[in-house]
Structures are given as structure tokens and as C-alpha cells.
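Student: Could you work out the structure for the sequence below:
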Amino acid sequence: MKNLKDKVVVITGAGSGIGRALAVHAAGQGALVAISDVNEAGLAETVALAKDAGAVDVHSAKLDVADRAAFLAYADEVARHFGRVNVIVNNAGVTMTGDFEDMTLEEFDWIMGINVNGVITGTKAFLPHLIASGDGHVVNISSIFGLFSVPGQSAYNASKYAVRGFTEALREEMLIAKHPVGVTCVHPGGIKTGIVRNGRTTAHENADALNAAFEKLGRMDPAKAAKIIWGAVRKDQARLLVGLDAHALHNLTKFAGSRYQDVFALGKKFVLPGGR
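Tutor: Residues are numbered from 1 along each chain as shown. A predicted model of the protein is given here:
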């Protein structure tokens with residue numbers, strides 16, 4: 001995919017953050033965009049920004065990606081509206097912070113339903129359309145926490161590792177089948193988004209302190225991240241790390257091997273507020 005002009009681009013979780021930035025950038029490049037989010041107010045703001053950026057057609061809908069039936073119906077609606085689909089960006093995601101010992105199974109299921117099942121459903125629903133388009137691409141947003149693990153993020157780590165494994169296997173399958181579909185797994189580092197502020201924590205965690213800590217770590221503007229991601233799509237890049245912090249931490253964990261786990265466990269108190 002050399003450019004986004006006249007391509008139909010579907011983006012979940014587009015009501016803010018990276019999803020919004022991806023939609024606005026795509027609109028500015030001449031794409032027709034279909035955006036969704038559970039936050040209708042944020043979604044409306046993204047629609048306005050996409051139109052200001054020059055979007056020819058913007059389709060928007062409230063969507064909970066964990067609702068499989070609703071997601072499948074949404075995919076049919078988007079396909080009918082545009083007649084084709086070229087790109088699906090499975091961006092919608094949430095955080096669930098806290099030690100696994102303190103977490104309920106319902107809390108664990110909640111994050112997996114959105115971060116994993118949402119990605120799987122979105123890919124399954126749109127993949128036939130991407131293949132039929134003759135110029136398709138799947139973009140699944142994982143995280144640097146899909147490359148290494150940190151204490152207090154067992155649920156989030158599990159979900160983002162799952163996205164990575166699923167996406168990499170899907171790319172291999174597309175290559176074997178010779179389908180005209182590129183696949184990119186994105187691992188953002190610290191981006192200025194409200195994902196932690198809008199996420200959940202276990203009862204032992206201080207949500208306000210966690211949000212403040214992660215906001216300090218979020219240094220890159222979402223618009224810059226979006227530009228980098230779309231650049232990777234044009235190059236059909238298999239894996240994309242976004243941000244110097246993502247590259248530095250990934251290299252550190254590769255160099256240290258499994259010993260990085262001991263380092264991270266000891267260093268948690270110097271980076272993040274304590275929980276239990």
C-alpha cells in the first residue's frame with residue numbers, strides 16, 4: 001500500500017489518543033474513514049477533526065469491541081456503506097493495573113474481552129474485505145508491554161502479548177496464502193494518551209498516583225505516532241516500535257535476557273507508585 005488516497009480505513013478506539021490521530025492523518029491523506037469508540041462525545045470531536053483535515057467521507061458509530069455480535073454487525077454496515085474496505089486498525093484498548101493476586105477473574109476477563117477478543121473479532125470481520133480489495137492491510141496495536149513484562153501489569157501484558165502472537169502468525173498466513181494483505185504489529189512506547197486515566201485498577205492501587213506517573217512517561221504526541229505508524233504501513237513493516245523509549249527498553253531486555261525480570265522487580269518502586 002503506497003498511499004492512503006481513496007482507501008477505506010477502519011479504526012477502532014478513535015475517540016481519542018492514537019486512534020484519533022490515525023483517523024485525522026488518514027483523512028488528510030485522502031482516505032475515507034470509518035471510526036468507532038464507546039465514547040460518543042470523543043468520537044464526535046474526531047469526526048469534526050477528520051472533516052477539517054479534508055476527509056471526503058466519515059462514517060462513525062458507537063461501538064464496544066468486546067460485543068462480538070455488535071462488532072460483526074458494524075463490519076457489515078461499514079462494508080455496505082463504502083462498498084469495500086482496505087485497512088482495519090484494531091486500536092481500541094484498555095488498561096487493568098494491579099497485582100494478579102489482587103485481581104478478580106472478572107477484571108481479567110474485562111481487559112481480555114477488549115484488548116484480545118476485540119482485535120480478533122475486528123480482524124476476522126474485515127479480513128475477507130481486505131483480501132477482496134486487492135490492496136489490504138491489518139494494523140494491530142500491541143504495546144511495548146507486548147515485548148516485555150512489568151510488575152502490576154500482568155493482565156495488560158497478557159493481552160498485549162496475545163495481540164503480538166496473533167498478529168505475527170496472521171502475517172505468516174497471509175504470506176503463505178499469497179493474499180494481498182499486509183500485516184503490521186505496532187508496539188507504542190510512552191504516548192500522550194489517556195489510556196491509564198480511563199483504565200481500571202485493583203482495589204489496592206492508587207489510581208490517581210498511577211495516572212500521574214504514566215502521564216510523566218508519556219512523551220510522544222499522538223500525531224507523531226500516527227505519522228510513524230502510517231509510514232510503517234506503506235513499507236509493509238512487520239513490527240513497529242514507536243518511540244525512543246520503546247527501542248531502548250526492548251534492547252535492554254534483549255541484552256539482559258530473562259534477568260530483566262529481576263531488574264524490573266527491584267526497580268518498580270523507583271518508577272511507579274506502590275500498590276499492596
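
Student: contacts, neighbours, all on C-alpha from now
Tutor: OK.

Student: Next, the buried residues of the lengthiest helix in the chain.
Tutor: Across the chain, the longest stretch assigned as helix under DSSP state H is helix 154-177. For helix 154-177, burial by neighbour count (16 or more other C-alpha atoms under 10 Å) applies to 154-164, 166-168, 170-171.

Student: Quick one: mean pLDDT over it.
Tutor: Throughout helix 154-177, pLDDT has a mean value of 98.

Student: for it, packing partners?
Tutor: Using 3 or more C-alpha pairs under 8 Å, 6 or more residues apart in numbering; DSSP states H and E, the elements in contact with helix 154-177 are strand 96-97, helix 105-115, strand 136-141, strand 181-188.

Student: how many other residues sit next to the spatially closest residue to residue 78 that is not a sequence neighbour?
Tutor: Once flanking residues are discounted, residue 78 sits nearest to residue 34: 7.0 Å by C-alpha to C-alpha, 6 or more residues apart in numbering. By the measure other C-alpha atoms under 10 Å, the count of residues near residue 34 is 26.

Student: same check, this time on residue 105
Tutor: Residues near residue 105, counting by other C-alpha under 10 Å: 9.

Student: Just the pLDDT for it.
Tutor: 97.

Student: which ones are touching it?
Tutor: Shown in contact with residue 105 (C-alpha atoms under 8 Å, 6 or more residues apart in numbering): no residues.

Student: how near is it to residue 96?
Tutor: Per C-alpha to C-alpha, to the nearest Å, residue 105 is found 12 Å from residue 96.

Student: try residue 118
Tutor: Residue 118 sits at a distance of 16 Å from residue 96 (criterion: C-alpha to C-alpha).

Student: got any ranges where the protein has weak pLDDT?
Tutor: For the chain, the stretches with pLDDT under 70 are 194, 196-197, 206-218, 269-276.

Student: tell me the strands in it, going along the chain?
Tutor: 8-11, 32-37, 58-62, 87-90, 96-97, 136-141, 181-188, 200-201, 239-242 (DSSP state E).

Student: Make a markdown table out of those and add distance to residue 175.
Tutor: Listed next are these as a markdown table, based on distance: least, C-alpha to C-alpha, whole Å:
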| stretch | distance to residue 175 |
| --- | --- |
| strand 8-11 | 22 |
| strand 32-37 | 26 |
| strand 58-62 | 31 |
| strand 87-90 | 17 |
| strand 96-97 | 34 |
| strand 136-141 | 12 |
| strand 181-188 | 8 |
| strand 200-201 | 38 |
| strand 239-242 | 15 |
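
Student: Residue 150: which of those strands is closest?
Tutor: Among those, the nearest to residue 150 by C-alpha to C-alpha is strand 96-97 (10.6 Å).

Student: what's that closest one in contact with?
Tutor: Contacts to strand 96-97, defined as C-alpha under 8 Å, 6+ apart, come from residues 107-108, 111, 152-156, 199-202, 205.

Student: ok, now with 6 Å
Tutor: Residues from elsewhere that reach strand 96-97 (C-alpha atoms under 6 Å, 6 or more residues apart in numbering): 152-153, 200-201.
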